[in-house]
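sequence unknown, structure follows:
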Ligand SMILES: Nc1ncnc2c1ncn2[C@@H]1O[C@H](COP(=O)(O)OP(=O)(O)OP(=O)(O)O)[C@@H](O)[C@H]1O
């Protein structure tokens, strides 16, 4: 404050020497601090490379390494990529809003200049005891001025809110287009494991990024306009020295603050991730409330959510303690240095007017420079959100291009984890689209972790030939379908299959969508699409009767009833709805993955018969030998990497078991490891 006030005006030699000396000292401290930090960072990177990935590590997509999130070149690159999404062009709504905001900010600065002048005139009127002038200035002009001031201030808030919402809308729609493009939403959480909580990123982080961006524009643009204008006005009134020294002082303070501040950008990104984990822990309790209640698992779950929360609390505590120390520094270097000063003149009343007006300019100028420096602190927080949002978009883009990255854990003497990049465009597997047939030729069944479950699988199934698939838990039965459905990458061989619209998957736990009861049966079609296919409610009722669910229409209040269907229907009812859905779609091939496990054997038989009559060829995964009778072929895995594909005979129908143990199958070898396992597949083709 005081030293700052006296610096610009009438500086003596001694004072100038002190300033130069202090500046050098400051620069020295900053450089030393940067060096220490660089060393510490290098040590941290070494440690990070040696150890497994920790929760607090921010990953660099391109290299899978830890890196500091802050206002640096990387941030600028990320920001440059996000900006065109937020502001797609000069003719866009966002560009217009920015132009309006700029106009309002200039109007606001102009009003501040007016206010400083008015302030001087009011003080002069008081000192010269000019009652008339006092009333004209302090009461009338001041009163009138409140109107434009208030309109401008509120317009500022309105425009910033509109801008934030527009940015959020652009980013959210952009993200949704990518996330829900094909099966990207599946791959982002099942194949790639760079992102843990995509929901948190899509909801909270995008919102915070948009909000920060809209404020940042005014937080930076307004002080910049203020600095130019008030520096000019002040220079006009008291000469150029004052604004020069003041800006110089704040500039040095800014450099010092930047160097001494902890990496708040990184902390923001970490905080968001921890918030995501916490939310996820709670949403799991809601999703699995019934199972948890039956197990009486509340104490265990409480431990889980409390742990997730404690991590947030510890982190936030660390951050606010650092913010406290940093805030003191901010205040000392920037905030409290924004005081006013004046200059002596001849006429006593003019002196007061000048003093008051120039003080106004000076306060405004110093506040503007101060705000600009403090905006730098907000910028580091913004860098955290930028990093999170751009990481989401990077991963989405990678997945779209067929690339994924996965941290895999290898169990050896020591359990280690390493990141692996897979570019599916470089894989040797080939897909041929052909109606009425499914052929696997030397296809390895490989998990995204590169565990080889079956080295080479070959079989051929034509339309009308139903196959039952058996094998111990974890041998790769569902994995075969994940490969068939393009969920998992095809590492080799050739798969010939009909267009995906002619394959239909019925899982053990059917998905029930939000919406009416009709929506459950026709999912993912809409009512209009169903009607276009000729499915009136009457026809749908016939399908429902096949699976013995006709009573539900009356019980639940008709086809248009909306309920939380996952809660309302029993396990068996859900599975029967899923079978009705299968009959509605009538695909060429149906993959039935333990989808009748909760259905009574008689109703199961009726459903299987109906599927055959409808011309749907079945691929059934089941541990129930009672289902053998509905199939002509058996594909049997032994859990050791071998399989058998053969025709079923009469004697098979009498079987009471598939002849496998119920234990977990042996984990496959890694894809890159040498593989010498013998393959005693007894293959047959249909
Ligand atoms: N997303 C995934 N990423 C990595 N490995 C996976 C993934 N999903 C499943 N696996 C692994 O693949 C192996 C085969 O799983 P799969 O679901 O095909 O077994 P399954 O034969 O259908 O077993 P079950 O009879 O128990 O349903 C298992 O060891 C499992 O841990």
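Yep, it's here. All of these numbers come straight from a predicted model, not from anything done at the bench.

For the rest of this, base every contact and every neighbour count on C-alpha atoms.
OK.

could you say which helix or strand contains residue 406?
Assessed by DSSP states H and E, residue 406 sits inside strand 403-411.

roughly how far apart are the closest residue to residue 641 other than its chain neighbours and residue 488?
Of all residues not flanking residue 641 in the chain, residue 454 sits nearest, at 4.4 Å (CA to CA, 6 or more residues apart in numbering). Residue 454 sits 14 Å away from residue 488, going by CA to CA, to the nearest Å.

Then residue 539?
Residue 539 sits 36 Å away from residue 488, going by CA to CA.

more crowded one of these two?
Ranked by neighbour count (other CA atoms under 10 Å), residue 539 and residue 488 place residue 488 first, with 21 against 12.

Now the closest residue in space to that one that isn't next to it in sequence, what are its backbone angles?
In this structure, residue 488 finds its nearest non-sequential neighbour in residue 482, 5.6 Å apart by CA to CA, 6+ apart. Dihedral pair for residue 482: phi -70, psi -40, per degrees, to the nearest 10.

go on, residue 458?
phi -130, psi 130.

what's near enough to touch it?
By CA atoms under 8 Å, 6 or more residues apart in numbering, residue 458 lies in contact with 439, 440, 441, 442, 443, 683.

okay, those residues in TSV with secondary structure next?
Putting the contacts of residue 458 into TSV (DSSP: H, G, I helix; E, B strand; the rest coil) gives the following:
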residue	secondary structure
439	strand
440	strand
441	strand
442	strand
443	strand
683	coil
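
buried subset of those?
Neighbour counting by 16 or more other CA atoms under 10 Å classes 439, 440, 441, 442, 443 among the contacts of residue 458 as buried.

Now do the same for the residue lying closest to the third one once chain neighbours are set aside: its pLDDT.
Excluding its sequence neighbours, the residue lying closest to residue 441 (CA to CA, 6+ apart) is residue 458, at 4.5 Å. Turning to residue 458, the model gives it a pLDDT of 95.

Enumerate the residues of this protein near the ligand.
Counting by CA under 6 Å from any ligand atom, the residues of the chain close to the ligand are 190-191, 447-449, 472-479, 667.

which one of those is nearest residue 312?
Comparing those against residue 312 with CA to CA places residue 190 closest, at 25.5 Å.

For the closest one, report the pLDDT, please.
Note on residue 190: pLDDT of 87.

Over to residue 31?
57.

what packs against the helix or strand that residue 579 is a member of?
Secondary structure from DSSP H and E places residue 579 in helix 571-585. Secondary-structure packing of helix 571-585 (3 or more CA pairs under 8 Å, 6 or more residues apart in numbering; DSSP states H and E): strand 503-506, helix 517-522, helix 537-546.

In the longest one, which residues are buried?
When neighbours are counted by 16+ other CA under 10 Å, the buried residues of helix 537-546 are found to be 540, 541, 543, 544, 546.

Help me confirm that the last one comes into contact with residue 605.
Right, residue 546. No: Residue 546 is beyond contact range of residue 605, at 11.0 Å (criterion: CA atoms under 8 Å).

Now do the strands in the chain.
Assigned strands in the chain, in chain order: 403-411, 415-423, 430-433, 437-446, 451-462, 467-470, 494-497, 503-506, 589-593, 617-621, 633-637, 643-647, 669-670 (criterion: DSSP state E).

in the stretch 351-500 of the chain, which ranges drop under the pLDDT threshold?
Residue ranges of the stretch 351-500 of the chain with pLDDT under 70: 351-363, 408-418.

Now tabulate the helices and strands packed on helix 571-585 in CSV and tack on mean pLDDT.
Listed next are those as CSV, based on pLDDT from 0 to 100:
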stretch, mean pLDDT
strand 503-506, 92
helix 517-522, 94
helix 537-546, 94
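
Dump the ones you listed to TSV, plus distance to residue 172.
Output for the helices and strands packed on helix 571-585, formatted as TSV (distance: least, CA to CA, whole Å):
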stretch	distance to residue 172
strand 503-506	30
helix 517-522	26
helix 537-546	36
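
Contacts only, for the residue nearest to residue 641.
444, 445, 446, 476, 641, 642, 643, 668.

go again using 6 Å as the cut-off
By CA atoms under 6 Å, 6 or more residues apart in numbering, residue 454 lies in contact with 444, 445, 641.

Excluding chain neighbours, what is closest to the residue most central in space within the chain?
When CA atoms, centre = their mean is applied to the chain, the residue found nearest the centroid is residue 201 (2.2 Å). Using CA to CA, 6+ apart and skipping residues adjacent in sequence, the residue nearest residue 201 is residue 389, 6.7 Å away.

any idea how far that neighbour is from the ligand?
Distance of residue 389 to the ligand, computed by CA to the nearest ligand atom, to the nearest Å: 24 Å.

If anything else comes up later, I'll come back, but that's it for now.
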